[in-house]
Structure formats: C-alpha cells, structure tokens
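Asker: Give the three-dimensional model of this entry:
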Amino acid sequence: MSASPAQPIFHDGLPGRLRRIRVLAVLVALALLVTGYFWFQGRSERRIHVRVSAGDPLGHRHEIASFLVTEAAQRRLTIDLIPTDGSGEAMAQVAAGQLEFALVQGGLKPHEDLRQVAVLVAEPLHIFVRPELADQGFAGLRGKRLNLGPLGSGTRQLGLAVLERAGITSADYQDEQASNAQLRKMSEEQLPDAIFHVSSLPARLAELLISEKGYRLLPVPFADALAIRDRSVQESVIPAYTYGVDPPVPASPIPTVAPWMSIVTHKNVPDDVVIRLLESIFDGDFFLHAELPSVEVEQVIRRRELALHPGTTVFLNRNQPVITGDFIEGVENLRSFIVSLAVALFLVWRWYKNRASVSFERYFDDVTRIEQDILAAKSANSLDSSQMRELELRLSRIKSDALEQFSSGKLKGDELLSSFLSHVLDVRNCLRR
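Answerer: Residues are numbered from 1 along each chain as shown. A predicted model of the protein is given here:
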C-alpha cells in the first residue's frame, strides 16, 4: 500500500497571509479616511465675519474691543471695529442690522430688536473740572461750560441724569458736545470748565486732562441715592492714587456712579455666532490681555437690562450637569407614571378578558330566577297555563338576547355559551314537566 502524501499542518499558507494583509490594509485605509475627514471638518470650520462698534475710537472701550479682535481671530471669528459717536448711535445701528454687536454703556433706552449678550466691567463716571472748581461741588458748575459728550452718547444721558439730581437744569450751564478726539486737539483755553466722561479704570482721557491740563475729579456725593433710583448704575469709587502718586490724584477715594459695559446684538444674529463671541471672551485670555478684572459670564443674569439672546442662554447652560436633581426627580415621576399606567392597563385587560363571563353571568342569573319562580309556583300549586306561557316567553327572550349578543361579538366564550344553553334547556324541561 503506497504512502499518502503528507498534509500541511496550516491550510491557509501564503494565500491566507495575503488575505489577512489585504484586510489589514483596508482597515488602515478606512481609519486614515475617517481621521482625515474629521481633521478636514475641523480645519474647514467656516470663518465668521462680524461688525462690532465700541464707540469713540479714542475711548477705553474701543481699546478693550481691540483685544477682543485678537482673541476672536483664534476662534475663526473676524471682527471689524466700526467707530461711532457713542453707545446710543451704536445701539441704533445694531437695531437696524448695520452692526452685529456693540460694546455699549448700560442704562440706555432698550429696543425691541436688541438682545443682551454679556456684561464686562463697571465704567465709573468721571467729572473732570478745572482746579478752581474742585472744592465748590456741583454748585460751582452753574454758569460754566460743560461738555457732556456727543449727542446720542451714553455719557451725555448719564451726565444729564446726574445734573438733574443735583438740581442743575440746561439753563444753568453752557452745553458743549465735543468728542474725545476734539478734546485732545483743544488748547487749555479752549477746553470746557467741566468734562463728563464714562470709562472703566483707568480712563485714558484722564492722562491728558489731569496730568497735562491740571484738571481734578469732582465727587458725586449722592451716588448712593442715584443708584437706588436707577438700577442700571451702581455706587462706585475712583480709588485714591489712581491717576497720580506725587501728588496723589485723587488724594482720597472719589464717590461716583458706574453703569456696566454691556455687549448687545440683534435678535436675529445666529446662536453660533453669539456663542463663538462668548467663547472668545470667557474661554481665553481676553480679560488678562485687556487688563480687566475677571467677570463670570453669569453676571449677565444679575446685571441684564435687555432680554438675553438665546445664544447666551445656551452658553450659560453648557456646563450644567446632564443628571441633576430635577432630572432625577423627573425620571422618578416618569417611572411612577409608567408603573401606574401599566397597572391600569393590566386591570383594563383583566376586565376585558372577564367581560364575557360577567355578561354571561347576568343571563345565567336571569334564567335561574325563572327556575326559582317555577319551583315556587309548583310548591304553592299555583302554576297555571297563563303563568307557564309567561315564564316560557321570558325564557325565550333571555335566550334570544344572549344569542344576539354572542353573534355580534359582544359576548365571548364558547364554553360559557354551551353551559348557558344547557341551563336554558333544563329550565324549559322543568317548566314543561
């Protein structure tokens, strides 16, 4: 008997290894394609272009906005800074759709198309006065040249409110409306006697007016009373030594009022644009580079003067845990409802299943009562032919009614029907006997 050829231990051999290599290559290629897709998606995130105003280009607010431009660029948000004469004009342009955002002074007249995005920093009111007026208080402003800022500016609106509280009317002073740029070009003789200026600390205009022109700061002694009547401002102070150390300027803290710098937008600006702007403010180094005290985004809830934009609401809720006490309570309530519903459905099902037997029981009871009437009449020897016909007629009606209900599907149960008919037959035989 010839020896059979030896069989290989491994049956796949070279072809099997080639198949495994091909499968591995396909898997690697798929992994690279998926990785490339997500990388491309991240790289191709659309760049958003928005127009933003921060008022006077020489003001501190505009300087703060310039740091936001740099921070936003890292998040593919391109900001064009558009100068305006003041917060009032900036808000009007946002309401008209000419700007997407504006950094404005708080306390301005709201508009139905405007929404609040965030609050950034308090902006104290500075009242710069010539040195000879510094000790005279607000009484020293009567008959003087007062610069309240351009028409439509937030500074003018707040300045008028402060003067009104001090009992000074427009007939008591000469109203001037110079911008920061115009003030910087004026000689010392051309400058007004008093200049109202709203700015976060330190105010850039103070360097010119205090250091070079010798102006001093006028306190607002009724700041607390004004803040009580106007929720858009708060009592504030300009700390001693803010604008000079030797000599100290001011020599002591200056009481004043301060609105909050707010960011407003149009109600139709998309949520993702608002969210990207908020990420640029609160998720990066904006406050560090702008040299501002850090502010939590939740401040907008406590300081808001307009309805919040939906994008702000989404941003505020982004760090909320998915599973909260309310969520657990809701799940528990849902569980209780489902259990109660299941019990109710089970009871309904049981009732439905037993409905046929319960209905047949009624017919059984009716036939049994006829049987009892027959037996009672027999015992009393009072069963005559007319009673027999009446009882037989009742029995026939009960039987016919039951069969009709069974035929229409309102009664179910073949076994029950058979028992019922047997019971009817027994009673009929009893009657005939």
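Asker: For the helix or strand harbouring Gln116, which helices and strands make contact with it?
Answerer: Gln116 belongs to strand 114-122 when assigned by DSSP states H and E. On a contact count with 3 or more Cβ pairs under 8 Å, 6 or more residues apart in numbering; DSSP states H and E, strand 114-122 meets helix 87-95, strand 254-266, helix 271-282, helix 299-303, helix 310-316. For the C-beta atoms, the positions are set from N, CA and C on the backbone; glycine is no exception.
Asker: From the centroid of this structure, which residue is nearest?
Answerer: Thr313 (2.8 Å; Cα atoms, centre = their mean).
Asker: how much space between it and Asp384?
Answerer: When distance is defined by Cβ to Cβ, to the nearest Å, Thr313 is 90 Å away from Asp384.
Asker: Show me which positions of stretch 265-278 end up buried.
Answerer: 265-266, 269, 273-278 (16 or more other Cβ atoms under 10 Å).
Asker: Could you do stretch 388-398 as well?
Answerer: By neighbour count on 16+ other Cβ under 10 Å, the buried set for stretch 388-398 is 391-392, 395, 398.
Asker: repeat for stretch 139-154
Answerer: Result for stretch 139-154 [16+ other Cβ under 10 Å]: buried residues 140-141, 144-150, 152-154.
Asker: Okay, now the unreliable bits of the protein?
Answerer: Residue ranges of the chain with pLDDT under 70: 1-20, 36-45, 319-329, 350-360, 409-413.
Asker: Same list, the buried residues of stretch 139-154, but as TSV with distance to Glu89 please.
Answerer: Below are the buried residues of stretch 139-154 laid out as TSV (distance: Cβ to Cβ, whole Å):
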residue	distance to Glu89
Gly140	31
Leu141	26
Lys144	27
Arg145	24
Leu146	21
Asn147	17
Leu148	15
Gly149	11
Pro150	8
Gly152	5
Ser153	8
Gly154	10
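Asker: which of these sit farthest apart?
Answerer: Maximum pairwise distance among these (Cβ to Cβ): 27.7 Å, between Gly140 and Gly152.
Asker: Spatially nearest residue to Pro221 (excluding sequence neighbours)?
Answerer: Sequence neighbours aside, Pro255 is the residue nearest to Pro221 in space, at 6.2 Å (criterion: Cβ to Cβ, 6 or more residues apart in numbering).
Asker: Stretch 170-180: how far from the chain's middle?
Answerer: Centroid separation for stretch 170-180 versus its chain: 43 Å, with Cα atoms, centre = their mean, to the nearest Å.
Asker: Now it - C-alpha only, PDB.
Answerer: Provided in PDB are the C-alpha atoms of stretch 170-180 (Å, rounded to 0.1, in the frame of the first residue of the first chain):
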ATOM      1  CA  SER A 170     -29.900 123.100  31.000                       C
ATOM      2  CA  ALA A 171     -30.500 126.900  31.600                       C
ATOM      3  CA  ASP A 172     -27.800 126.800  34.300                       C
ATOM      4  CA  TYR A 173     -24.800 126.000  32.000                       C
ATOM      5  CA  GLN A 174     -23.400 126.200  28.500                       C
ATOM      6  CA  ASP A 175     -23.800 122.800  26.800                       C
ATOM      7  CA  GLU A 176     -20.900 121.500  24.700                       C
ATOM      8  CA  GLN A 177     -20.700 118.300  22.700                       C
ATOM      9  CA  ALA A 178     -17.100 117.700  21.900                       C
ATOM     10  CA  SER A 179     -15.800 114.200  21.300                       C
ATOM     11  CA  ASN A 180     -12.600 112.700  22.800                       C
END
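Asker: What residue spans form the domains of the protein?
Answerer: Here the domain parsing of the chain from automatic domain parsing is 119-320, 326-432.
Asker: Highest mean neighbour count out of those domains?
Answerer: A comparison of the domains of the chain by mean neighbour count, using mean count of other Cβ atoms under 10 Å, puts domain 119-320 on top with a mean of 18.
Asker: centre of the chain versus the host helix or strand of Val50, how much separation?
Answerer: Following DSSP H and E, one finds Val50 within strand 48-53. Distance of strand 48-53 from the chain centroid (Cα atoms, centre = their mean) equals 23 Å.
Asker: Can you pull out the residues in contact with whichever helix or strand comes after that strand?
Answerer: The helix or strand immediately downstream of strand 48-53 is helix 60-73, counting by DSSP H and E. Residues outside helix 60-73 that contact it (Cβ atoms under 8 Å, 6 or more residues apart in numbering): 52, 54-56, 78-79, 81, 83, 103, 105, 120-121, 123, 199-200, 202-204, 261, 276-277, 280-281, 284-286, 289-290, 292.
Asker: Having no further points to raise, I will conclude here.
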